[in-house]
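1. got a structure for you, letters missing:
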């Protein structure tokens with residue numbers, strides 16, 4: 001039988017490492033290289049009955065539902081999965097439970113917890129995460145309800161406020177930053193390396209501004225497919241590296257490669273052959289451009305940490321919208337609590353109705369056996385319908401009152417559940 005959580009309990013938990021408390025070079029250490037194995041390990045630990053992992057370039061988060069999960073054990077599991085010391089885990093991790101964790105999720109889907117306030121990209125990332133978790137059986141009724149409602153909250157916030165008006169993704173912000181360094185980047189030769197979602201956002205921004213660019217990936221087939229569906233002039237990766245020697249002025253890199261695509265040695269050799277400067281935006285997680293490259297003459301290297309410098313300006317511009325969004329979130333959190341309270345009563349009510357129906361069926365059979373052949377099929381049907389109506393008539397009012405009490409109860413519903421079961425002489429769920 002499904003057990004629904006109470007927001008007042010610690011059953012719902014969120015563990016996260018984000019750009020807010022960890023720079024990108026630290027954040028990338030917390031990424032799960034084998035996300036399916038991470039899911040299985042967390043579920044098999046028995047600390048969580050339901051689990052969802054959200055992993056983007058700015059955050060790694062675990063959402064879970066369990067019977068008072070052991071936080072220390074969960075952090076140990078995370079530590080072992082990524083081979084990072086417990087000390088470093090504790091220095092960077094944030095942990096919230098119950099209603100505070102739900103509120104964080106609602107703010108996240110609404111774009112309030114993003115590097116770029118109001119950005120829309122996170123909503124799609126959350127949707128894909130819950131779809132993956134649900135498809136593979138890692139989420140359950142609680143997470144499914146919570147994510148369904150908070151995704152709707154995120155959409156409602158965007159529709160009712162101006163929080164995402166003129167907002168930028170990390171990719172479009174990088175393009176804007178390039179405009180600050182060059183008078184007209186449309187006159188520059190641009191190379192985009194990557195074929196995933198981040199690269200797609202950069203490509204769309206360049207396309208919207210009518211800027212032509214080369215697109216390359218680890219395989220030419222990916223670059224060609226990207227070009228056909230999004231934009232760009234596809235070229236093989238080695239050809240792209242050769243173009244860095246003279247033709248390319250700006251490089252955007254957004255991949256998930258677990259190694260450096262541009263090393264210090266390679267770029268030092270390239271810069272010896274170049275006469276002009278080169279600007280590189282590394283938007284990958286983990287990083288794919290070696291930091292030491294920034295020390296080379298005529299190279300300007302920009303990563304996500306540096307882009308965050310304009311976030312404060314973004315927040316100030318959207319202060320009024322943020323207040324409106326937070327009001328909507330508070331209202332939605334109240335509704336989510338009500339939904340979960342009602343849901344938490346259903347297993348009890350179903351149990352009571354099911355057992356009452358068993359008694360009804362048993363007593364009906366006994367009565368019909370005593371009557372024997374004295375009634376016909378039509379009369380037997382009347383008796384059966386009467387038995388259903390009798391059970392329904394007796395239980396409807398107390399069960400509706402129980403639902404109402406669950407909804408209005410401001411405390412943990414466990415005591416109310418046990419009291420209801422005790423009144424009907426049933427075992428604890």
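-> Perfect, thanks for sending it. Owing to the predicted nature of the structure, the values given are computational and were not obtained by experimental measurement. Numbering: from 1, shown residues only.
2. alpha carbons only for contacts and neighbour counts from here, please
-> Fine.
3. helix or strand for residue 358, which one?
-> Assigned by DSSP states H and E, residue 358 falls within helix 319-371.
4. Quick check: which helices or strands does that helix pack against?
-> Packing contacts for helix 319-371, counted by 3 or more Cα pairs under 8 Å, 6 or more residues apart in numbering; DSSP states H and E, involve helix 98-109, helix 141-160, helix 377-408, helix 414-423.
5. Could you rerun that using 7 Å?
-> For helix 319-371, the packing partners by 3 or more Cα pairs under 7 Å, 6 or more residues apart in numbering; DSSP states H and E come out as helix 141-160, helix 377-408.
6. ranking the ones you listed by burial, who's on top?
-> Highest mean neighbour count among the helices and strands packed on helix 319-371 (mean count of other Cα atoms under 10 Å): helix 141-160, with a mean of 19.
7. Which helix or strand lies directly C-terminal to that one?
-> helix 170-181.
8. quick one: contacts of that next one?
-> 185, 198, 201-202, 205 (Cα atoms under 7 Å, 6 or more residues apart in numbering).
9. repeat for stretch 268-282
-> Residues contacting stretch 268-282 (Cα under 7 Å, 6+ apart): 244-246, 249-254, 288-289, 296, 298-303.
10. buried subset of the residues you listed?
-> Buried by 16 or more other Cα atoms under 10 Å: 244-246, 249-254, 288-289, 299-303, out of the contacts of stretch 268-282.
11. State the pair within the residues you listed that is farthest apart.
-> With Cα to Cα as the measure, no two of these lie farther apart than 246 and 303, at 22.7 Å.
12. Can you give the domain ranges for the chain?
-> Using automatic domain parsing, the domain parsing of the chain gives 12-166+318-339, 170-307, 343-423.
13. want to try TSV for these, with mean pLDDT as columns?
-> Output for the domains of the chain, formatted as TSV (pLDDT from 0 to 100):
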stretch	mean pLDDT
domain 12-166+318-339	90
domain 170-307	89
domain 343-423	76
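14. centroid residue for the chain?
-> residue 126 (3.3 Å; Cα atoms, centre = their mean).
15. gap between that residue and residue 114?
-> 12 Å (Cα to Cα, to the nearest Å).
16. next one: residue 202
-> As judged by Cα to Cα, residue 202 and residue 114 stand 17 Å apart.
17. what does residue 97 give?
-> In terms of Cα to Cα, residue 97 sits 20 Å off from residue 114.
18. Also residue 360?
-> Distance from residue 360 to residue 114, by Cα to Cα: 56 Å.
19. Which one's more surrounded, those two?
-> Set residue 360 next to residue 114 and count neighbours by other Cα atoms under 10 Å: residue 114 wins out with 23 against 17.
20. residues in contact with that one?
-> residue 108.
21. Quick check: it vs residue 18, distance?
-> 9 Å.
22. list the residues that contact both of those two?
-> Counting by Cα under 7 Å, 6+ apart, residue 114 and residue 18 have no shared contacts at all.
23. How about the secondary structure of residue 112?
-> coil (DSSP: H, G, I helix; E, B strand; the rest coil).
24. Can you tell me the closest non-neighbouring residue to it?
-> residue 118 (6.0 Å; Cα to Cα, 6 or more residues apart in numbering).
25. The one you found and residue 161, how far apart?
-> For residue 118 relative to residue 161 (Cα to Cα), the value is 10 Å.
26. higher neighbour count, the two?
-> Between residue 118 and residue 161, residue 118 has the larger neighbour count (other Cα under 10 Å), namely 33 against 18.
27. follow-up on the earlier one: from the contacts of helix 170-181, pick the one nearest residue 325.
-> Checking the contacts of helix 170-181 one by one against residue 325 (Cα to Cα), the nearest turns out to be residue 201, at 24.8 Å.
28. Tally up the residues packed near that closest one, please.
-> 19.
29. who's in contact with it?
-> Residues in contact with residue 201, defined by Cα under 7 Å, 6+ apart, are 171-172.
30. helix/strand/coil for it?
-> Going by three-state DSSP: residue 201 is helix.
31. Same question for the one 3 residues further on.
-> Under three-state DSSP, the three-state class of residue 204 is helix.
32. any idea how far it is from residue 196?
-> 12 Å.
33. Of those two, which one has the most company?
-> Set side by side, residue 204 and residue 196 show more neighbours around residue 204, with 17 against 14, by other Cα under 10 Å.
34. so what's the more buried one up against?
-> Residue 204 sits in contact with residue 230, where contact means Cα under 7 Å, 6+ apart.
35. From residue 249, how far out is it?
-> Residue 204 is 19 Å from residue 249, where distance means Cα to Cα.
36. again with residue 257
-> From residue 257 to residue 249 the distance is 23 Å (Cα to Cα).
37. Equivalent analysis for residue 200, please.
-> Residue 200 is 20 Å from residue 249, by Cα to Cα.
38. again with residue 122
-> From residue 122 to residue 249 the distance is 30 Å (Cα to Cα).
39. repeat for residue 31
-> 31 Å.
40. now do residue 178
-> 11 Å.
41. ok, now residue 402?
-> Separation of residue 402 from residue 249 (Cα to Cα) stands at 69 Å.
42. First-to-last residue distance for stretch 280-294?
-> So stretch 280-294: terminal residues 9 Å apart, Cα to Cα.
43. Just the buried positions in that stretch, please.
-> Buried-residue list, stretch 280-294, by 16+ other Cα under 10 Å: 280-291, 293-294.
44. can you redo the residues you listed as CSV with secondary structure and distance to residue 47?
-> Output for the buried residues of stretch 280-294, formatted as CSV (DSSP: H, G, I helix; E, B strand; the rest coil; distance: Cα to Cα, whole Å):
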residue, secondary structure, distance to residue 47
280, strand, 43
281, strand, 40
282, strand, 37
283, coil, 34
284, coil, 32
285, coil, 28
286, coil, 28
287, coil, 32
288, coil, 35
289, strand, 38
290, coil, 38
291, helix, 39
293, helix, 44
294, helix, 44
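45. Tell me the one of the residues you listed nearest residue 265?
-> residue 293 (8.5 Å).
46. who touches the closest one in this structure?
-> 264, 267.
47. Apply 6 Å and report the result again.
-> residue 264 (Cα atoms under 6 Å, 6 or more residues apart in numbering).
48. do you know how far it is from residue 175?
-> In terms of Cα to Cα, residue 293 sits 20 Å off from residue 175.
49. Also residue 300?
-> Counting by Cα to Cα, the gap from residue 300 to residue 175 is 14 Å.
50. Next: residue 33.
-> Residue 33 is 29 Å from residue 175, by Cα to Cα.
51. Of these two, give the one with the bigger neighbour count.
-> Comparing residue 33 with residue 175 by other Cα under 10 Å, the one with more neighbours is residue 175, at 20 against 13.
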